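Trainee: Pasting the sequence and the predicted model now:
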Amino acid sequence: MRKIYKSGRTTMAIVLVVLTVLGFGWQLYDIQIVNHDLYAAQNNTVKTYTVPLPAARGEIVDRNGNPLVTNRQGNSIVLDAAYFPSAEENEERNGIIYALISLFQANGEAYVHNLPLKLNADGSAAFFTEEDSDTYETDIANMKSRDMLNLQAYATAQNCFDAMVEKYGLESYLETLGPALTLEIGAVRYELTRLLFSVSNPVTIADDVSDSTVAQIKENYEYYRGADVKVVAYREYADPSLAPHIIGTIRKINAEEYARLKDEGYGITDEIGESGIEAAMEPYLRGIPGEKTVTIDGDGNVTETVTKEPSQGDTVVLTIDKDLQRIAQQELEKVCKSVDYYNSTGAVVVEDCNNGEVLAAASYPSYNLEEYYNHYSELLARDNTPLYNRFAMGTYAPGSTFKPMMAAAALEEGVVTEDTVFNCDGVYHYIDMEFGCLDSHGGENVRTALRDSCNIYFYNCANQLGISKMNMYGAMFGLGEKTGVEIPEASGLLAGPEYRKKLNMTWRPGDTIQAAIGQSDNLFTPLQLANYCATVANGGTRYQLHFVKSHISNATGVVSETGSNVVKTVSVSENNMRIVREGMRLVATDGGPSKVFSTLDVNVASKTGTSQVVVNGIKHNNGFIITFAPYENPEISVASAIELAGSGSSTAEITTSVIDYYYSHNTNVKTAQEEGVLLD
C-alpha cells in the first residue's frame, strides 16, 4: 500500500486560507453587525465640498462721511454643479442652458459672453476686436489654448467656432437653431470651462437680473435644473459722475491675476479693483470671504451648511469733499467749453497746504461710472478720451508758473536779492540768440517780475544759476517727480542734459534760458503744480499727496489714519519764501487775474502761465494758474491747467469758484475740530 505524505507547505497553505476566511468573516461581521450604522453612513456620503461665499466690498465715503460708493442687493443667476447635470449628461446640459438663454432673451437680461467670437452678417465667425473687449488679444489666445479649444495659434475664427461646436456637442443646435443661438449656448459652456466649473466653484451666467426672471427660475427649478438665484452685493454710486478718475472701477479677476492671487484667497470668479481707489485699496475694500459646506450622499441628496459668514470690507474715507469736488468738476467743464467747446480739455487740483490731503481733483472731459460699465467701448472710442486722467497722468509745459521756483532758487543762491533790478526792453540777447518778453517792462525786481511775468528777469536768473542749480531746486519742490498719491500718476520731467542724452540730443546753452520760463522740455502734472504751490505757501514743507484719509475696519471699528508724510523740507529761507509769496500776491492784486480775484472775500496769492502747443498745424496756448489762500495764513492751494485757454488768467474763474465755495462753507478760525468736518 502506498503511503501518503503531507508536506509542511501544504499545511501552511491550508492554515493561511482558513485565517483569511476568518479575517474576511470578522470584517463582514464588524461591518454588517457591530458597526453597521457607522459604515452605512460612510458609504452613503460620497463627497464633501467647500464653497466660498463672497464678501461685500467696503464702502467709500468722502471726508465728511458722505457716501460715494455703497452696495445694494441684487440677484445673479448661477449654475451649481451639485444640482446641474454631470459632464456625461451633455445633452441635458445644453438643453438647460438653451432654456435659460431663451428666458434671458425674452426678459431682456444680459448674460455672459466671454468667448471672443461673434458673427458676421453672413453668419460666418469673426474674432472679437478692441471695440468688443480691451483684452481681446489675450482672450483669443486663451480660447485657442490646450485647456480650452486646443487649436494652433494660426486657427481662424471659423476654426474656433467649429471646434466649439464639436467640443460641446452642439451639432444638432447648429442645424435647427442656426449659428447665432449656437454661439450663445457655446459661450455659456465656454464660461463653465474657463472658470473651472465644479461643486466648489459655481459659475455666474447672468448678473443683476429682474425679479420676474428670478420668479420664473424659482417656480420652475426642475426645468432649470442646476440654475440657482444668488443674492449679490452690487456697487452703487451716490453720483456716478462724481470723481470717477479718483474712485475707479472694479471687474472680474483675470487669469493672470488669479494665478498670482489665489494663494491669498481669491477665487477665479471674484471681482477685483481695476483702477483708482478701488484698485489702490483693494486689500481693505475686498472683505473676508465666508464658506459653505456642500455634502452629496450616494443617492444624490445635497446638504448645504454655512460654516463661516462673509465679512464686508473696510470703509475707506477719502480726503475729498464731495461738494467741493462737484464745484471743481462743474467749473472746469464750463471753462473748457467756453474756451473751445469741442477741443479744450483740462484739470484742476485742490490741496490742503498743511498735510498733503487732496480736497478735490477733476479731469475734463470726464465720464459716468455707470456708463463705464454699460458702454465702455463707446467711451473708449471717443476722440476726447474721457477715461484719461489729466490731473494725474497729463503732463504739461507749465509756462510762467515755473517762475516762483526760479525766484526762490535765485534768491537762495544769492544770484539776486529782493532789490536786484534787471532792465526789460522786450528782448534778451544771449550769445548769438535773442529771447523775447511779451512787453518792455523797464526795471524789474523779483516781486514785480513775478507780478508782470517778466521773462527777461528770469532769463538773467537762469544765465547765472545754470541748469543744474535750477533742477536741484525744481526737484526740491517736487517738480518732475511723482507726488505719492495712491492712484497711477506720471512722473513728469525736469528739462536738462540728462533727458536730452537719453534722446541722443545735445543740451545747448540756449535751452537753459528757455527752461527758466517753464518751456523747453519741462513737463509737470497738475498734481505736481498744486503740491509745488502748497510748498511755497506753507514755507517749504513738501507733503506726500494722498486721497485716502483713513480706513475703518468693518470687523472691529478700528480707524486707521493715513496722516501726513513730509517728503522734503525745501532749503530756502523763510525770508526768501516770503519774498516769493509777496510777488505772487502782487499777481492776484495787480496782475492779469486781479479783476476776477477782487470778488473774493479772502486774500489770495497766485501765478499764471502759458505754454505754446500746436494743434492741427495751428499754434495755441495752454493756460495755467497756481493759487493759494488765504494769503496771510495759507490753507489750500489750487492748480488748474486748461488746454487751448490762451492765458492763465482765463482759468482764474475756476480758482475763484473753488475758493469762494471753500470759504463760504468753512471758518477761518482754527480750533480743535470734531471728527468729520472739512478740515481737521
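Mentor: Ah, there it is.
Trainee: what about the helices in the stretch 51-200 of the chain?
Mentor: With helices called from DSSP state H, counting those that start in this stretch, the stretch 51-200 of the chain shows them at 90-107, 136-144, 157-167, 171-177, 179-194.
Trainee: Quick one: closest of these to Tyr372.
Mentor: Each of the helices of the stretch 51-200 of the chain has some distance to Tyr372 by CB to CB; the shortest is helix 136-144, at 17.8 Å. For every residue, glycine as well, the C-beta is placed using N, CA and C.
Trainee: so where is this protein shaky, pLDDT-wise?
Mentor: 1-46, 615, 666-680 (pLDDT under 70).
Trainee: Go again with 80.
Mentor: Within the chain, the stretches with pLDDT under 80 are 1-46, 134, 298-300, 613-620, 646-650, 665-680.
Trainee: which residues in the stretch 201-350 of the chain form strands?
Mentor: With DSSP state E, counting those that start in this stretch, the ranges of strands along the stretch 201-350 of the chain come out as 203-209, 227-237, 250-252, 271-273, 290-297, 302-308, 315-318, 346-352.
Trainee: any chance of those strands in CSV, plus mean neighbour count and distance to Thr135?
Mentor: Below are these laid out as CSV (neighbours: other CB atoms under 10 Å; distance: least, CB to CB, whole Å):
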stretch, mean neighbour count, distance to Thr135
strand 203-209, 19, 18
strand 227-237, 17, 21
strand 250-252, 17, 10
strand 271-273, 19, 14
strand 290-297, 16, 30
strand 302-308, 12, 33
strand 315-318, 25, 27
strand 346-352, 29, 28
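Trainee: Tabulate those in JSON lines, adding columns for distance to Asn565.
Mentor: Output for the strands of the stretch 201-350 of the chain, formatted as JSON lines (distance: least, CB to CB, whole Å):
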{"stretch": "strand 203-209", "distance to Asn565": "40"}
{"stretch": "strand 227-237", "distance to Asn565": "30"}
{"stretch": "strand 250-252", "distance to Asn565": "28"}
{"stretch": "strand 271-273", "distance to Asn565": "23"}
{"stretch": "strand 290-297", "distance to Asn565": "36"}
{"stretch": "strand 302-308", "distance to Asn565": "37"}
{"stretch": "strand 315-318", "distance to Asn565": "17"}
{"stretch": "strand 346-352", "distance to Asn565": "13"}
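Trainee: center of the protein, which residue is that?
Mentor: Centroid-nearest residue in the chain: Ser275, 1.2 Å away (criterion: CA atoms, centre = their mean).
Trainee: Give me the distance between the closest residue to Ala629 other than its chain neighbours and Gln73.
Mentor: Of all residues not flanking Ala629 in the chain, Val604 sits nearest, at 4.3 Å (CB to CB, 6 or more residues apart in numbering). Separation of Val604 from Gln73 (CB to CB, to the nearest Å): 47 Å.
Trainee: Between the two, point out the one with more neighbours.
Mentor: Neighbour comparison, Val604 and Gln73: the larger count goes to Val604, with 24 against 10 (by other CB atoms under 10 Å).
Trainee: ok, that one to Ala652 distance?
Mentor: 10 Å.
Trainee: Spit out the residues that contact those two alike.
Mentor: Counting by CB atoms under 8 Å, 6 or more residues apart in numbering, the shared contacts of Val604 and Ala652 are Phe597, Thr627.
Trainee: quick one, helices of the stretch 551-680 of the chain?
Mentor: Per DSSP H, counting those that start in this stretch, the stretch 551-680 of the chain carries helices over the ranges 574-590, 594-597, 652-664.
Trainee: Also the stretch 401-550 of the chain?
Mentor: Applying DSSP H, counting those that start in this stretch to the stretch 401-550 of the chain gives helices spanning 403-412, 446-452, 455-465, 467-476, 497-502, 509-515, 526-537.
Trainee: isn't Leu285 right up against Glu278?
Mentor: Yes. With contact defined as CB atoms under 8 Å, Leu285 reaches Glu278; the gap is 6.6 Å.
Trainee: what residues are up against the closest residue to Ser344 other than its chain neighbours?
Mentor: Leaving aside its sequence neighbours, Ser344 sits nearest to Cys336 (CB to CB, 6+ apart; 4.2 Å). Residues near Cys336 by CB under 8 Å, 6+ apart: Ser344, Thr345, Gly346, Tyr364, Pro365, Ile642, Glu643.
Trainee: picking up where we left off before, now tabulate the helices of the stretch 551-680 of the chain in CSV and tack on mean neighbour count and distance to Gly466.
Mentor: What follows is the helices of the stretch 551-680 of the chain, written out as CSV (neighbours: other CB under 10 Å; distance: least, CB to CB, whole Å):
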stretch, mean neighbour count, distance to Gly466
helix 574-590, 20, 19
helix 594-597, 18, 34
helix 652-664, 21, 33
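Trainee: Turn those into a markdown table, columns for distance to Asn159.
Mentor: Below are those laid out as a markdown table (distance: least, CB to CB, whole Å):
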| stretch | distance to Asn159 |
| --- | --- |
| helix 574-590 | 67 |
| helix 594-597 | 65 |
| helix 652-664 | 56 |
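Trainee: ok, Lys334 to Glu653 distance?
Mentor: Distance from Lys334 to Glu653, by CB to CB: 8 Å.
Trainee: right, I mislabeled it, should have said Asn159
Mentor: 59 Å.
Trainee: Phi first, then psi, for the residue nearest to Ala629.
Mentor: phi -130, psi 170 (degrees, to the nearest 10).
Trainee: can I assume Thr50 sits in a helix?
Mentor: No. Counting by DSSP: H, G, I helix; E, B strand; the rest coil, Thr50 is not found in a helix; it is strand.
Trainee: list the contacts for it?
Mentor: Residues near Thr50 by CB under 8 Å, 6+ apart: Ser200, Glu291, Lys292, Thr293, Val294, Thr307.
Trainee: Let me have these in JSON lines, adding distance to Lys262 as columns.
Mentor: Formatted as JSON lines, these follow (distance: CB to CB, whole Å):
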{"residue": "Ser200", "distance to Lys262": "13"}
{"residue": "Glu291", "distance to Lys262": "16"}
{"residue": "Lys292", "distance to Lys262": "19"}
{"residue": "Thr293", "distance to Lys262": "20"}
{"residue": "Val294", "distance to Lys262": "20"}
{"residue": "Thr307", "distance to Lys262": "20"}
